[in-house]
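In: The sequence and its predicted three-dimensional model are supplied below.
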Amino acid sequence: MKKSSSIDTALSYNNTGAVYYYMNDYKKALEYYNKALLIQEKILGIEHLDTATSYNNIGVAYSKMNNYEKSLEFHSKSLSIKEKILDLETLDTARSYNNIGVVYRCMNNYEKSLEYFRKALSIKEKILGVDHPDTALSYGSIGITLKKQGDYNKALEFFNKSLSIRKKILGDNHLDTVRTQNQINEIKKIILEMP
């Protein structure tokens, strides 16, 4: 089999996995993501960006299945490749930091979660600026984690940054803006009810 046709097959497996993923059939998605990964590792090697993408996809699927240890394992493999091949401050690397932050938050390891969310935020602020929806997303991710930690005042600070960007770019009635405002209202209520 030719190299290009094998890579095309890997892409087809990956795309099929994505379809199953969006159908919430994560077990089937994993099956196809793993088929793509086997081809990529064999042809492209374990330190190729396409291989990193497959590791990432597998990590996301495991996370959806609440298998956070496996998710972290694959996200870490993906990040390791990106850190070797890419500049450390790329949006692709920021996405990996964000994904790892999400997994740590699901594992209730809020300190590690914040560490990775802050790395992602730092990159986004440098590359995209402070008035970008992706930057707002990072502010929100940090806000959610701080809220889960019980650090409500700091969480409010980050949600307010996120809200300011979302209102400016998306408008007052956008779903993301409304969700962020709801988070702020919920935290303010918690603070008011505290002894």
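Out: Here it is on my side, so go on.

In: ok, and the closest non-adjacent residue to Ser63?
Out: With CB to CB, 6 or more residues apart in numbering as the criterion, Ser63 has its nearest non-adjacent residue at 4.0 Å, and that residue is Ser71. Using the backbone N, CA and C atoms, a C-beta is placed for each residue, glycine as well.

In: helices or strands up against the helix or strand containing the one you found?
Out: Using DSSP states H and E, Ser71 sits in helix 68-85. Helix 68-85 sits against helix 49-64, helix 91-106, with contacts defined as 3 or more CB pairs under 8 Å, 6 or more residues apart in numbering; DSSP states H and E.

In: which residues are contacting that helix?
Out: For helix 68-85, the external contacting residues (CB atoms under 8 Å, 6 or more residues apart in numbering) are 46-49, 51-53, 55-56, 58-60, 62-63, 90, 92-93, 96-97, 99-100, 103-104, 106-107.

In: Buried subset of these as a PyMOL selection?
Out: Per 16 or more other CB atoms under 10 Å, the buried members of those correspond to this PyMOL selection:
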select buried, resi 51+52+53+55+56+58+59+60+62+63+92+93+96+97+99+100+103+104
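
In: Give the residue spans of this protein that score low on pLDDT.
Out: Low-confidence segments of the chain, defined by pLDDT under 70: 1-4.

In: how does it look with 50?
Out: By pLDDT under 50, the weakly predicted segments of the chain are 1.

In: what's the residue nearest to the spatial centre of it in contact with, if anything?
Out: For the chain, the residue nearest the mean C-alpha position is Asn99 (3.1 Å; CA atoms, centre = their mean). For Asn99, the contact set (CB under 8 Å, 6+ apart) comprises 56, 59-60, 63, 75, 78.

In: ok, it to Ile127 distance?
Out: Per CB to CB, to the nearest Å, Asn99 is found 17 Å from Ile127.

In: before we move on, what about Ser63?
Out: Here Ser63 is placed at a distance of 25 Å from Ile127 (CB to CB).

In: again, but for Ile191
Out: 34 Å.

In: Same check on Arg179?
Out: From Arg179 to Ile127 the distance is 24 Å (CB to CB).

In: Over to Pro133?
Out: 13 Å.

In: go on, Ile165?
Out: For Ile165, the distance to Ile127 equals 15 Å [CB to CB].

In: Compare these two and say which one has the larger neighbour count.
Out: Just comparing Ile165 and Ile127: by other CB atoms under 10 Å the higher neighbour count belongs to Ile165, 24 against 14.

In: hang on, that one packs against Gly129?
Out: No - assessed by CB atoms under 8 Å, Ile165 is found out of contact with Gly129, at 9.7 Å.

In: Now do the shared contacts for these two.
Out: Contact criterion CB under 8 Å, 6+ apart; residues shared by Ile165 and Gly129: Thr135.

In: sec struct for Asn24, please.
Out: coil (DSSP: H, G, I helix; E, B strand; the rest coil).

In: one step back: using TSV, lay out the helices and strands packed on helix 68-85 together with distance to Lys154.
Out: As requested, these are arranged in TSV below (distance: least, CB to CB, whole Å):
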stretch	distance to Lys154
helix 49-64	25
helix 91-106	15
